[in-house]
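# Structure for the following, please:
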Amino acid sequence: IGKSVCGKDVYIIQSGCGEINDNLMAPLIMTNSCKTDSASQLTTVIPCFPYAQQDKKDKSQVTISAKLAANVLSVADADHIIAMDLHVSQIQVFFDNPVDYLYAEPGVLKWIRENISEQKNCTIVSSDAGGAKRVTSIADSMNVDFALIHNENVKDLVAILVDDMVDTCGTICHAADKLLSAGVTRAYAILTHRIFSGPAISHINNAYFQAVVVTNNIPQEDKMKHRSKIQVINISMILAEAIRKIHNEESVSYLFSHVPL
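Numbers count the residues shown, from 1 in each chain. Model prediction:
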């Protein structure tokens, strides 16, 4: 740390992406350094929480890595955690310290209203049952129907497929093919945490999507080059307002349903 933080409120921002272990260790070391320098209050802001998909023990010798990541943040002595769109809400209980869990949904709704003219003739789609709660919330806010990829009637509708975390994009691109064969007029994909590894870009370029929209809680610049289908929702103002509210000891609940101006 380049200057004294003694007695200061400190906010360390680091998304758990890319070189995931390096990007997890960096805020741990910085947190410990600031605490050693007697920072008054220390908040770690992690827009994309590392190892969030490993949230349960589905085999006898599997580690719940999301809980381990939460434990090491607690050991590093962070007073507060800010995260966005955790893969499952149960990850909140892995922390011993206070957590503010923000949602990308307000930004998603804003993008839809500004970019899709047929809002009343669309359906919000989940590629699997695990995303049902997420798409139901968005559909209720828009007063439209939602669908799962399981024989629902989507003929002549605009399909907006929503998911929180994607890696190779095989599942959502297969879902796009299913929607096309079911008779949708257009299809969009809106994704919070884009990992985009391996053949992901190739899958997207070949898929039946008008646009693939991602938030920038993972840096997007490298994927934006010559990728006309990919568009970005900027969620920095949500994180900035969360930091402001926490610093002033205000409730962050407003951000659950609104994008700050």
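# Would you verify that Pro50 is located in a strand?
No. Looking at Pro50 with DSSP: H, G, I helix; E, B strand; the rest coil, it is coil, so not inside a strand.
# pLDDT wise, what is it at?
Looking at Pro50, its pLDDT reads 86.
# check contacts around it.
Residues in contact with Pro50 (Cβ atoms under 8 Å, 6 or more residues apart in numbering) are Gly16, Cys17, Ile20, Asn23, Leu24, Ala69. To be clear about C-beta, it is placed using only N, CA and C from the backbone, and glycine gets the same treatment.
# Closest to Ile46 out of these?
Proximity of those to Ile46 (Cβ to Cβ) peaks at Gly16, which lies at 5.7 Å.
# Can I get the buried part of the contacts of Pro50 as one PyMOL selection?
To isolate the buried ones among those in PyMOL, judged by 16 or more other Cβ atoms under 10 Å, type:
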select buried, resi 16+17+23+24+69
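# Averaged pLDDT, the host helix or strand of Val135. What do you get?
Following DSSP states H and E, one finds Val135 within helix 132-142. Helix 132-142 comes out with an average pLDDT of 89.
# where does the protein have its least confident helix or strand?
helix 221-224 (a mean of 68; mean pLDDT, DSSP states H and E).
# What strands flank the following helix or strand past that one, and is each parallel or antiparallel?
Next along the chain after helix 221-224, taking DSSP H and E as the criterion, comes strand 230-233. Within its sheet, and counting by DSSP bridges, strand 230-233 is paired with strand 211-215 (parallel).
# just for the stretch 151-261 of the chain, where's the confidence low?
151-152, 220, 222-227 (pLDDT under 70).
# And the helices in it, which stretches?
Per DSSP state H, counting those that start in this stretch, the stretch 151-261 of the chain carries helices over the ranges 170-181, 200-206, 221-224, 236-247.
# Determine which stretch of these is the most buried.
Among the helices of the stretch 151-261 of the chain, helix 170-181 has the highest mean neighbour count (mean count of other Cβ atoms under 10 Å), at a mean of 19.
# Report the separation between Ser117 and Val158.
Distance, Ser117 to Val158, using Cβ to Cβ, to the nearest Å: 9 Å.
# what does Gly18 give?
As for Gly18, its distance to Val158 is 33 Å (criterion: Cβ to Cβ).
# which pair in the contacts of Pro50 spans the largest distance?
Largest separation among the contacts of Pro50 by Cβ to Cβ: Cys17 and Ala69, giving 13.0 Å.
# who's in contact with the most centrally placed residue in the chain?
When Cα atoms, centre = their mean is applied to the chain, the residue found nearest the centroid is Thr192 (3.6 Å). Residues in contact with Thr192 (Cβ under 8 Å, 6+ apart) are Met84, Asp85, Ala104, Asp163, Asp164, Met165, Val214, Thr215, Asn217.
# how about a cut-off of 10 Å?
47-48, 84-87, 103-105, 107-108, 134, 162-166, 213-215, 217-218, 233, 235 (Cβ atoms under 10 Å, 6 or more residues apart in numbering).
# do Cys122 as well
By Cβ under 10 Å, 6+ apart, the neighbours of Cys122 are 112, 116, 139, 142, 144-145, 154, 157-160, 184-186, 188.
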